[in-house]
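No sequence on hand, only this structure:
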């Protein structure tokens with residue numbers, strides 16, 4: 001789907017430029033900061049800090065042994081996906097000790113992207129549960145890391161225990177067009193929910 005293909009009917013004024021907030025969540029080291037940086041048309045605001053020995057006592061580095069920095073608050077970026085829609089992106093920290101910030105970050109968001117690593121799918125459960133419990137529209141985007149195994153969609157859905165109506169996409173968080181397609185996919189999902197009469201927006 002191209003950015004010009006979507007129709008965003010959440011506002012009756014067809015001439016007004018709309019702004020929407022999207023949260024990008026997921027486990028520690030799954031690629032959230034990378035995705036925001038790949039698509040943002042402005043210099044992204046990041047709160048990356050060098051990992052210290054004190055932090056490694058709390059964070060599981062078994063799946064990301066080469067990771068040297070971590071998000072300690074949030075990432076922020078902006079992308080224009082059409083002539084009348086600007087998306088503001090908020091990347092949530094993945095470590096459990098920063099989850100208290102999620103309640104603030106998700107307020108006012110039209111939806112969320114849960115970024116997943118197929119090698120560590122269990123790290124996605126907390127994000128999925130968070131948005132499910134708060135009835136925030138979301139989709140799951142599996143970040144295709146180099147050398148990661150590829151599984152059929154049905155197997156991934158079963159492993160993640162996500163319902164059939166939740167979109168599941170494959171992406172490369174390093175690639176602008178791939179990441180942009182994920183964001184447009186989320187907007188389309190929100191539109192579809194709206195057209196079916198499901199309330200969307202602030203929770």
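Everything's here; your move. Please read these numbers as outputs of a predicted model, since none were measured by experiment.

and the host helix or strand of residue 81, average pLDDT?
Using DSSP states H and E, residue 81 sits within strand 75-82. For strand 75-82, mean pLDDT is 92.

Check stretch 163-173 too.
On average, stretch 163-173 scores 96.

Compute the first-to-last residue distance for that stretch.
In stretch 163-173, first residue to last residue: 23 Å (CA to CA, to the nearest Å).

Stretch 127-141 too?
One end of stretch 127-141 to the other measures 12 Å (CA to CA).

Name the helix or strand of this protein that has the lowest mean pLDDT.
Across the helices and strands of the chain, mean pLDDT, DSSP states H and E gives its lowest value to helix 53-56, namely a mean of 46.

pLDDT below threshold where in the protein?
Scanning the chain for pLDDT under 70 picks out 1-17, 47-73, 94-100, 200-203.

All the strands of it, in order from the start?
According to DSSP state E, the chain carries its strands in the segments 18-26, 48-50, 69-71, 75-82, 85-91, 109-117, 138-143, 168-171.

Of those, flag the one that's most buried.
Across those, averaging neighbours per residue (mean count of other CB atoms under 10 Å) puts strand 109-117 on top, at a mean of 26. C-betas here are computed from N, CA, C, even on glycine.

Check which helices and strands it is in contact with.
strand 18-26, helix 32-39, helix 125-133, strand 138-143, helix 176-195 (3 or more CB pairs under 8 Å, 6 or more residues apart in numbering; DSSP states H and E).

Distance to residue 86 for the ones you listed - can I get that in JSON lines?
Listed next are the helices and strands packed on strand 109-117 as JSON lines, based on distance: least, CB to CB, whole Å:
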{"stretch": "strand 18-26", "distance to residue 86": "5"}
{"stretch": "helix 32-39", "distance to residue 86": "12"}
{"stretch": "helix 125-133", "distance to residue 86": "22"}
{"stretch": "strand 138-143", "distance to residue 86": "19"}
{"stretch": "helix 176-195", "distance to residue 86": "11"}
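
Which of those sits closest to residue 161?
Smallest distance to residue 161 across these (CB to CB): 7.8 Å, for helix 125-133.

If you count neighbours, what's buried in the closest one?
126-128, 130-131 (16 or more other CB atoms under 10 Å).

Repeat that for stretch 149-161.
Quick answer for stretch 149-161 (16+ other CB under 10 Å): 156-157, 160.

Closest to residue 197 out of those?
Nearest member of the buried residues of stretch 149-161 to residue 197, counting by CB to CB, is residue 157, at 24.6 Å.

In helices, which of the buried residues of stretch 149-161 fall?
Of those, the ones assigned to helices by DSSP state H are 156-157, 160.

closest to residue 110 among those residues?
Distance ranking of these against residue 110, using CB to CB, places residue 160 first at 21.7 Å.

how much space between that closest one and residue 174?
Separation of residue 160 from residue 174 (CB to CB, to the nearest Å): 22 Å.
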